[in-house]
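K.L.:
Fold the following.
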Amino acid sequence: MNVTLNSRKKLYLLSAFRKRIFLTKLKLMKKIYFSVAFVMSAVLAMAQLPQQPGVAVVNRAERLSISTGADNRVPTDTLGLDIFAPNGTVIQYGLQGGGYILGNNSQMQQGLDIKTFEIAQAFAVSSIAYNVEGAMFFFAAKEAVSSTPAGVDVTVYELGPDVAYGSTSSTTPDAVGPSSASSTASIAFADIDTTFGMPTFVTFPQPTWVSSDFAIGVSIEGTYAGQDTVVLYGDELGDGGGLNFLYHRFGVVGNPLELWYVSSAAFTGPGGEQFDINSSIFAIVATSDVSVGDEAFLDGMQLSQNYPNPANGLVTIDYALEKYQEKATLEVYAANGQLVHKIENKDQKAGKHTVKIDANLFSSGTYFYSLEVNGKRLTKKMLIAK
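P.N.:
This next block holds a predicted model:
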């Protein structure tokens, strides 16, 4: 009798225990379903963001003559300089409400904290294919809040159709935008040079051969974790020439969905003008139609590839000037953008000039040398092997 009662009691307790487990699972499943539904609703809401264009604010405008508005342009080793800031004015664009358009920002829309994760500049390729070996930038500002601030990632992209949102009313991607990624490299936060007029360089581990339009993107996504800030310069409204060659990748921290937008669709000027600008992102390529001895000059200059290359011992670099210049400066930068050597030549006559540099001054590796005349630049890559 006692055995039977004990057995029934055990069965009852076991049944109650199973019921409790079932109810607990049911509650847990309801929570999971609610969480998934919440995330899905957030994803669906974000699929049409930003629906209200951000408004640009001119935080700082400065004169930086790094390109010219000459009509006769030819391909150069530093793509993008021929169209950037034709009037010499560069601008640090803020975003109304806080943050920067070409840097870290935050926009609350439909309950989501939309942030700029990446800025990309496109480049046109006509009849000449390029080997994209690196990139050059002019950074306007950086601020480290965390003790170990994250750097930025730089990526070469192919351009594909129906990748980016062309307007805030678009419900699906309907514009050309950055698609497949190829080479990627990183710039440490400490190596980002914000000294006015000083470029920052990066070299890709593997050059990317491009025969059609492409883009180079600067991802600042990693800086949000430490609340750090990185900002690029842009040029004046209207300098973009209506090409829509500037893109923004938006996202929400912790949310898997990310969207590319044509920047002129995502932002407006301070007075509601079209946000038609270029960023200070430039591609460094191996192929050039401008070399010493050619008839064509770019910004009044010609610059040869160093020889020998790779270099070991004495390195020779030739350059030519279309007319007399008070000064011509040749600067050598390490791959991380650090200036390691500088030569200033004054009273430079029109014609060919030669500079010799002792490669023993440098460690083995990749370097960039840049000829600056009257605020304009030509840049090439140099390899040193010992």
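K.L.:
In contact with the closest residue to Ser264 other than its chain neighbours, which residues?
P.N.:
Leaving aside its sequence neighbours, Ser264 sits nearest to Phe275 (C-beta to C-beta, 6 or more residues apart in numbering; 4.9 Å). Glycine gets a C-beta too; all of them are placed from N, C-alpha and C. Contacts for Phe275 were tallied using C-beta atoms under 8 Å, 6 or more residues apart in numbering; they are 53, 56, 101, 237, 263-264, 266-269.
K.L.:
Likewise for Ala311?
P.N.:
So Ala311 contacts 359, 382-385 (C-beta under 8 Å, 6+ apart).
K.L.:
would a markdown table of those residues with secondary structure and pLDDT be doable?
P.N.:
A markdown table is the format used below for the contacts of Ala311 (DSSP: H, G, I helix; E, B strand; the rest coil; pLDDT from 0 to 100):
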| residue | secondary structure | pLDDT |
| --- | --- | --- |
| Ala359 | helix | 92 |
| Met382 | strand | 89 |
| Leu383 | strand | 89 |
| Ile384 | strand | 92 |
| Ala385 | coil | 90 |
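K.L.:
Can you tell me which of those residues are classed as buried?
P.N.:
359, 382, 384 (16 or more other C-beta atoms under 10 Å).
K.L.:
What helix or strand is the spatially most central residue of the chain located in?
P.N.:
In the chain, the centroid-proximal residue (C-alpha atoms, centre = their mean) is Val218; its distance is 2.2 Å. Assigned by DSSP states H and E, Val218 belongs to strand 214-219.
K.L.:
Mind giving me the packing neighbours of that strand?
P.N.:
strand 112-123, strand 130-137, strand 152-165, strand 246-251, strand 281-285 (3 or more C-beta pairs under 8 Å, 6 or more residues apart in numbering; DSSP states H and E).
K.L.:
now the shortest one and strand 246-251, what's the angle there?
P.N.:
Relative orientation of strand 281-285 versus strand 246-251 (axes from the mean of the first three to the mean of the last three C-alpha atoms, to 10 degrees): 110 degrees.
K.L.:
now for strand 281-285, which elements pack on it?
P.N.:
strand 78-79, strand 112-123, strand 130-137, strand 214-219, strand 376-384.
K.L.:
Quick one: distance of it to the chain centre.
P.N.:
How far strand 281-285 lies from its chain's middle: 10 Å, per C-alpha atoms, centre = their mean, to the nearest Å.
K.L.:
and if you look at stretch 244-258?
P.N.:
13 Å.
K.L.:
Return the set of buried residues in it.
P.N.:
So stretch 244-258, judged by 16+ other C-beta under 10 Å, has buried residues 244-252.
K.L.:
Now the terminal residues of it, how far apart.
P.N.:
20 Å (C-alpha to C-alpha, to the nearest Å).
K.L.:
still on that earlier bit, would you reformat the contacts of Phe275 as JSON lines and include neighbour count?
P.N.:
As requested, these are exported to JSON lines (neighbours: other C-beta atoms under 10 Å):
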{"residue": "Pro53", "neighbour count": "20"}
{"residue": "Ala56", "neighbour count": "24"}
{"residue": "Ile101", "neighbour count": "29"}
{"residue": "Leu237", "neighbour count": "20"}
{"residue": "Ser263", "neighbour count": "28"}
{"residue": "Ser264", "neighbour count": "25"}
{"residue": "Ala266", "neighbour count": "27"}
{"residue": "Phe267", "neighbour count": "25"}
{"residue": "Thr268", "neighbour count": "18"}
{"residue": "Gly269", "neighbour count": "20"}
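K.L.:
how about low-confidence regions in the protein?
P.N.:
Where the chain drops to pLDDT under 70, the residues are 1-52, 65-76, 127-128, 287-296.
K.L.:
can you list the domain ranges for it.
P.N.:
1-46, 54-285, 301-384 (automatic domain parsing).
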